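S.K.: Output the structure for:
(3 chains)
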Amino acid sequence: LVVSHPLYIHGFWDYETPKVMVVKNRTLGVIYRSVQFLVITYFIWYVFISQKAYQESETRPESSVYTLMKGSAIHGDEILDTVEYARPSEGGDVISTILRREFTFNQRQDTCAEHFNVADANCTTDSDCVEGEVNFNGHGRRTGRCVQYYNHTFKTCEIQTWCPIEEYAVVREPPLEEAINFTVFIRNSIHFPKFKVGNIKDARNKRDIKRYLNKCHYDEESDPYCPIFRLGYIAAQARENFSELCNTGGVIGVFINWKCNLDLDPSHCKPTYSFRRLDLRKDLPDAGYYYRFAKYYSKDGEETRTLIKAYGIRLDIIVHGHAGKFSPIPTIISTVTAMTSVGICTIICDWIMLTFIDKNEVYSERKFDEVSNKKRYSFSATQFHLFL
Amino acid sequence: LVVSHPLYIHGFWDYETPKVMVVKNRTLGVIYRSVQFLVITYFIWYVFISQKAYQESETRPESSVYTLMKGSAIHGDEILDTVEYARPSEGGDVISTILRREFTFNQRQDTCAEHFNVADANCTTDSDCVEGEVNFNGHGRRTGRCVQYYNHTFKTCEIQTWCPIEEYAVVREPPLEEAINFTVFIRNSIHFPKFKVGNIKDARNKRDIKRYLNKCHYDEESDPYCPIFRLGYIAAQARENFSELCNTGGVIGVFINWKCNLDLDPSHCKPTYSFRRLDLRKDLPDAGYYYRFAKYYSKDGEETRTLIKAYGIRLDIIVHGHAGKFSPIPTIISTVTAMTSVGICTIICDWIMLTFIDKNEVYSERKFDEVSNKKRYSFSATQFHLFL
Amino acid sequence: LVVSHPLYIHGFWDYETPKVMVVKNRTLGVIYRSVQFLVITYFIWYVFISQKAYQESETRPESSVYTLMKGSAIHGDEILDTVEYARPSEGGDVISTILRREFTFNQRQDTCAEHFNVADANCTTDSDCVEGEVNFNGHGRRTGRCVQYYNHTFKTCEIQTWCPIEEYAVVREPPLEEAINFTVFIRNSIHFPKFKVGNIKDARNKRDIKRYLNKCHYDEESDPYCPIFRLGYIAAQARENFSELCNTGGVIGVFINWKCNLDLDPSHCKPTYSFRRLDLRKDLPDAGYYYRFAKYYSKDGEETRTLIKAYGIRLDIIVHGHAGKFSPIPTIISTVTAMTSVGICTIICDWIMLTFIDKNEVYSERKFDEVSNKKRYSFSATQFHLFL
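M.R.: Numbering: from 1, shown residues only, chains lettered A, B, ... in the order given. Reported below is the predicted structural model:
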């Protein structure tokens, strides 16, 4: 930095280099070399080896996830297969499986009694119910009549809605504990655009792999490369109780982490998996995961529906990727930064030298050459000594 | 940088430090200190305080979004609840609500007249219609007959398709203006993998929060932490007219921004929300959002469907997160950079000194020591002065 | 770095500058200027011009994708339109089109024979079948009976499931080769939050654009700004055979890349498209894309379903964006780094000078000033020469 003054008085082809004072002091030398050693070690070990600063890196890979659920479960007389419990069916990076259902059968567009918990829904006469009113937490528009609450003795305001209302007619199924053995196949392809490297077609062992994939289940230790995951394993890895999940539902993140050092053989570039529950938020009490959908039927020209409130596990497959490859530019930049940082040693050692070791001002006299405006006065202390 | 030449002639334990000229010139000193002050201020204020360069940062949090629509609306004799208008039902980070529907009832696989707007569809005799032809903008395959256009007087080519065609038989519903009061609950959990920090379970006040969440609506000023949003509020914040949205549909981005300084208490780590319409593109005239779906019925063994063209609002929940935490490595790097940058002062001041203040070449003589190849000639001007 | 010692012995308003030795040596000067030229060229050309280091950049734009499929295809007596083959219907950034279907008609909850390929499914007497057993690769729960395998002569264990089972009753449709002409309209809006720049409404030429969009198809050369893509074109660009895709299905990434230099006119900010197949993974043999869904019917109070295994193309629209704009902060930082890096020249040239050109130690004597603890000994070689 301080070295080149190409604009100044000297010839263009002259070489300028700073003048240096060499201090023959063992203490100072040891301190100087130690600090230098620390800085160089830090750069070699941390920056170059650990952080791989000689590599160009790519942290935003193009990723594609395909998921496929498998397994079947029996519920009384009914059997559930993936078509029934896995939604959406298209198999993207968010897939949910139903673990518990609450049915409201045979709803139709009609009028019926509002639920008694809704504000102002309890009534004794029609005058208690305002016609056309829509309560935000209610289920529909009031007709202005006060009617018996289904087969109970008390009365609530009548509303126009899908009847009967869910809260009254709901039928709760027991949870689908068998789902602990359901599996989800996760195929994640990844591509690093900067390096034009990704998953490559290759034909070897296709048969063996197919046979293996037909029966393997992922396990961090025994089967780390099997992409088929038992729901029970996922829940256990996320440290969640599966029975509890069956009741409240939950969102579990499946994190796929690709850390690829492209200076090595690409076959080292394998994913690692981790799992964590995602649907908890400190300031919100409602954990869990559920959604509602309906199956529609046309009966004698009239539309009816079965409303289903489905509690389940939603798997969010989240992919992280990092690839690094040797590149001259970051190598040069890191090297220059390393060499620049070595200059920090001089600041520290100069301070030590001038503060603690500078006996009789020998060092400061030789290091500093004072120049003032007046020419006579400009002989520095250092020069003065020499002439004595 | 210029300080260490460990490979050269001196002993390994010698300390090398540059020789410095001290210029006792008030003007230069003031300039020097001012530039230094500016550089140091920039680093302390901008880099350290504003940009928090002493922190390690994480900008790609793992995020999970769960959405749940609520509200009901009346359409003539029909009531719509979330199961009807919210799609997809699974509650991910993209959720849409239907605001206006165009029905084509009772379509079945049959032959009927093509729409008259389709190219070459108008005909007078069968010979005008090529059997088997499929027009890209048309609705199906031509049968080769020329038939009456439904109950009109003119004729068009007959096609094999779902009959009747949408353009002819469509029934337009008025928009669902009541949807302005629909709400969407957005639960966004976030986790910064680098710091292993995220939303944590805690039990306090769960009851109070639950009661609060039952009635609160998000408002930037009065309820900034309520995660329940009125559609009308969202549209207003995105500066869009809700009635207009009802007609054309639209995509609105809900941006959740977490800016977490983990050196403070984690409870400061709260989201802020912003809203902006997303479906506009300068070079494309078609703003808006609609999609088509169908409900299928089996009537006497024959499949019929009701085709629904649904205009609506799609909410794209987009999460940004930034977390920072003190870390020694970036602190050291920023400090070294700061100290290196101070060197810039010398370049500026050297230039000023040598160009403007260098009376009688006093400074340049003492700063520069010229050495040429020939030994005799190597006495520099500076040295020469001294011997005179 | 080595220049300022504000803590030391001199006055606060003194200016300190390193002393420099000027070497009048042509060889060294040429080397010095060449290295300097290389470093400066690197910074100006690579860092400033190519990498645009004077710009603040934003690489994580907010993006919104809306997709809409179009086209119709005939299958025997049946016509398929987008409602039938495009899923999900909501038009997000992942959209799939069905290319081949395998139907299992009229399934109902019942008991029937297990498929003979399932382990232990073949039987001769009831005692071969364990009641209540659920085989993971099977279709349901065994009833304990051994029954005839549909209209075949051999027997398998009876299971409770959706009957008949898919493997037995499946009806394979020929692939929908006509889908090669289906189109997908992709509207991608983008916004760079750091610069508050994005797609802007403008009204000019809306009519012309609309007419153009009605008939244009994207082509890299002839129609690079038409956002309507033929499936056949996409497959061809991804270098995949469409007929093969029809059979196995596949996932194709549509990469939209926005590279915006905001120092120029925003109208230069246009997307480029690229296409690549995504569903291949080196270590997994199962390429392709399929999913299962069902249509449910209620017949005389009993629920039946048509199970559909759909092979298709899934398009994953993946958006990359990069915007850069001039900003003083990165300009200053890059300039300082450039100037610091010039210091590297001195290290190289010092090494050359002291190793190869240092005849008679002229240069080293003048560059280095040795100081030892003992005062007398402190006369350096350089000073010694002067006194001779």
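
S.K.: Just confirm residue A:214 contacts residue C:137, I think it does.
M.R.: Yes. Using CB atoms under 8 Å, residue A:214 and residue C:137 qualify as a contacting pair, with a distance of 7.4 Å. No exception for glycine: its C-beta is placed from N, CA and C like everyone else's.

S.K.: who has more neighbours, these two?
M.R.: For residue A:214 against residue C:137, the residue with the higher neighbour count under other CB atoms under 10 Å in any protein chain shown is residue C:137, and the figures read 13 against 9.

S.K.: Please report how far that one lies from residue B:124.
M.R.: As defined by CB to CB, to the nearest Å, residue C:137 lies at a distance of 62 Å from residue B:124.

S.K.: Which of the three states applies to residue A:115?
M.R.: The assignment at residue A:115 comes out as coil when based on DSSP: H, G, I helix; E, B strand; the rest coil.

S.K.: Neighbours of it, how many?
M.R.: For residue A:115, the neighbour count with other CB under 10 Å is 16.

S.K.: Can you tell me the closest non-neighbouring residue to it?
M.R.: In space, residue A:115 comes closest to residue A:167 once its chain neighbours are excluded; the distance is 4.6 Å by CB to CB, 6 or more residues apart in numbering or on different chains.

S.K.: Which residues of the stretch 51-200 of chain A lie near chain C?
M.R.: A:60, A:62, A:64, A:66, A:68, A:71-72, A:74, A:77-79, A:81-84, A:88-92, A:178, A:181, A:183, A:187-189, A:191, A:193, A:199-200 (CB under 8 Å from any CB of the partner chain).

S.K.: Would you list the buried entries among those residues?
M.R.: A:62, A:64, A:66, A:68, A:71-72, A:74, A:79, A:81-84, A:88-92, A:178, A:181, A:183, A:187-189, A:191, A:193, A:199 (16 or more other CB atoms under 10 Å in any protein chain shown).

S.K.: Among these, which ones are in strands?
M.R.: For those, membership in strands holds for A:62, A:64, A:66, A:68, A:74, A:79, A:183, A:187, A:188, A:189, A:191, with DSSP state E as the criterion.

S.K.: Reformat those residues as TSV; add distance to chain B and pLDDT.
M.R.: Conversion of these to TSV gives the following (distance: CB to the nearest CB, whole Å; pLDDT from 0 to 100):
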residue	distance to chain B	pLDDT
A:62	15	84
A:64	17	87
A:66	17	92
A:68	17	91
A:74	24	81
A:79	22	85
A:183	20	92
A:187	20	89
A:188	15	89
A:189	20	85
A:191	18	85
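
S.K.: which of those lies closest to chain C?
M.R.: Nearest to chain C among these, counting by CB to the nearest CB, is residue A:64 at 3.6 Å.

S.K.: Tell me the bridge partners for residue A:274.
M.R.: Per DSSP bridges, the residues bridged to residue A:274 are residue A:255.

S.K.: which residues does it contact?
M.R.: With contacts defined as CB atoms under 8 Å, 6 or more residues apart in numbering or on different chains, residue A:274 is in contact with A:237, A:254, A:255, A:257.

S.K.: before we move on, what about residue A:111?
M.R.: Counting by CB under 8 Å, 6+ apart, residue A:111 has contacts A:143, A:145, A:158, A:159, A:160, A:161, A:163.

S.K.: Same question for residue A:98, what's its three-state structure.
M.R.: At residue A:98, secondary structure determined by three-state DSSP is strand.

S.K.: So it is in contact with residue A:309, correct?
M.R.: No. Residue A:98 is not in contact with residue A:309 according to CB under 8 Å; the separation is 10.0 Å.

S.K.: Please identify which of these two sits among more neighbours.
M.R.: When residue A:98 and residue A:309 are compared on other CB under 10 Å, the one with more neighbours turns out to be residue A:98, at 25 against 18.

S.K.: what number of residues lie near the spatially closest residue to residue A:123 that is not a sequence neighbour?
M.R.: In space, not counting the residues next to it along the chain, residue A:123 is nearest to residue A:146; the distance is 4.0 Å by CB to CB, 6+ apart. The number of residues packed near residue A:146 is 20, by other CB under 10 Å.

S.K.: Which helix or strand contains residue A:146?
M.R.: For residue A:146, the enclosing helix or strand under DSSP states H and E is strand A:141-148.

S.K.: coming back round to it: and the contacts of residue A:274, which are buried?
M.R.: Neighbour counting by 16+ other CB under 10 Å classes A:237, A:254, A:255 among the contacts of residue A:274 as buried.

S.K.: neighbouring strands for the top strand by length along chain A, and are they parallel or not?
M.R.: Ordering each strand of chain A by length in residues (DSSP E) puts strand A:302-326 first. As defined by DSSP bridges, the strand partners of strand A:302-326 come to strand A:55-58 (antiparallel), strand A:94-113 (antiparallel), strand A:250-261 (parallel), strand A:290-299 (antiparallel).

S.K.: quick one: the residue lying closest to residue A:237 once chain neighbours are set aside and residue C:45, what's the gap?
M.R.: Closest residue to residue A:237 apart from its sequence neighbours, by CB to CB, 6+ apart: residue A:275 at 4.1 Å. Computed with CB to CB, the distance linking residue A:275 and residue C:45 is 48 Å.

S.K.: Which residue of the two possesses the greater neighbour count?
M.R.: When residue A:275 and residue C:45 are compared for neighbours, residue A:275 comes out ahead with 19 against 11, by other CB under 10 Å.
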